[in-house]
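S.K.: model this:
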Amino acid sequence: MPPYNVEEAFRGITEYSHLWLLFDFSANEKKAFSPTVRPPRLGGNKRMGVFATRSPFRPNAIGLSSVKLLSYELNKDGPVLTVEGADLLDGTPIYDVKPYLSYTDSHPDAKGGFSDEVRDYTLDVKLRGGVTFPAGESEALTEILAQDPRPSYQEDKERVYYLSYKNYEIAFTVDENVLTVIGIK
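M.R.: Numbers count the residues shown, from 1 in each chain. Have a look, this model is predicted:
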C-alpha cells in the first residue's frame, strides 16, 4: 500500500528468517470493552484478564504475530512477502513489519503463566475414506486441526464440529486423541 510498497523499504529483509507482523483484528466485531475473556485452552469456562491472554478481543484491536519468512519477490504492485505461521486471516491489514531478533526476542527461561499448565492438545488427524484435503492445503490444515480447534469443554465424540478455512468448511469429529475429517465443502 502506498507509500510503503517500495523496494527500498524492504532492503535487507531476506537476511532474516522470521518477522513480526503488527496487524488489525479487522474481522472482529467491535464490542464494548470487557476486562476478562474465556481462553479456549482453559475450557472456555474460566475467565482471565484480557491482558493475560492472547485473545483477539482486545481493547485496541492490534495483533502481533511471529512468522517465518519463506520468500520475498517484487511484482508490479511492489514487494510481496510470503510467510508461514501467521495467525491472521487473508486480507488482514498489516500495520508494520519488523525483523525477529533472536538475541532480544527469545527468552528461553520465560514462564508461560496458565498456558504452561494446560494439557497437550495435539491430536492425530485422519481423513475418512474418500475425503481429501484441497490441493496444496494438506500441511496447513493438518497443523491447524492437530491443535484441536474445539472449545475445550466439548468432549462429545458423536458431535460434528466445523472449521472455516479460507473458502472451505471442514467437518470433523474427535474421539480420544484422534480428529477425523468427515467432509470438506
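S.K.: contacts and neighbour counts: CA atoms only from here.
M.R.: Will do.
S.K.: need the contact list for the closest residue to Phe172 other than its chain neighbours.
M.R.: Nearest residue to Phe172 in three dimensions, chain neighbours excluded: Val181, at 4.3 Å (Cα to Cα, 6 or more residues apart in numbering). Going by Cα atoms under 8 Å, 6 or more residues apart in numbering, Val181 touches 125-128, 131, 170-173.
S.K.: and those residues, which two are the farthest apart?
M.R.: Spanning the widest gap among the contacts of Val181 are Val131 and Thr173, at 13.5 Å by Cα to Cα.
S.K.: more neighbours, those two?
M.R.: Thr173 (17 against 13; other Cα atoms under 10 Å).
S.K.: low-confidence ranges, this protein, go.
M.R.: Low-confidence segments of the chain, defined by pLDDT under 70: 30, 43, 118-121, 152-153.
S.K.: strands paired with the longest strand anywhere in the chain, and their directions?
M.R.: Longest strand in the chain by number of residues (criterion: DSSP state E): strand 62-75. Its sheet considered, strand 62-75 pairs with strand 18-24 (antiparallel), strand 78-84 (antiparallel) by DSSP bridges.
S.K.: what's next to the last one, contact-wise?
M.R.: The reference is to strand 78-84. Against strand 78-84 from outside (Cα under 8 Å, 6+ apart): 5-7, 10, 67-74.
S.K.: now what about the helix or strand just after it, what contacts it?
M.R.: Once strand 78-84 ends, the next helix or strand along the chain (criterion: DSSP states H and E) is strand 94-99. The contact list for strand 94-99, computed with Cα under 8 Å, 6+ apart, reads 13, 16, 18-24.
S.K.: again, 7 Å this time
M.R.: The contact list for strand 94-99 (Cα atoms under 7 Å, 6 or more residues apart in numbering) reads 16, 18-24.
S.K.: all strands of the protein, in order?
M.R.: Along the chain, the stretches classed as strands by DSSP E are 18-24, 36-37, 48-49, 62-75, 78-84, 94-99, 124-127, 161-165, 168-175, 178-184.
S.K.: buried set for the first one?
M.R.: Burial within strand 18-24, assessed by neighbour count using 16 or more other Cα atoms under 10 Å, is assigned to 18-24.
S.K.: now tabulate those in CSV and tack on distance to Ser115.
M.R.: As requested, the buried residues of strand 18-24 are exported to CSV (distance: Cα to Cα, whole Å):
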residue, distance to Ser115
His18, 23
Leu19, 23
Trp20, 21
Leu21, 22
Leu22, 22
Phe23, 23
Asp24, 24
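S.K.: out of the contacts of Val181, which are buried?
M.R.: Buried members of the contacts of Val181, scored by 16+ other Cα under 10 Å, are 125-126, 170-173.
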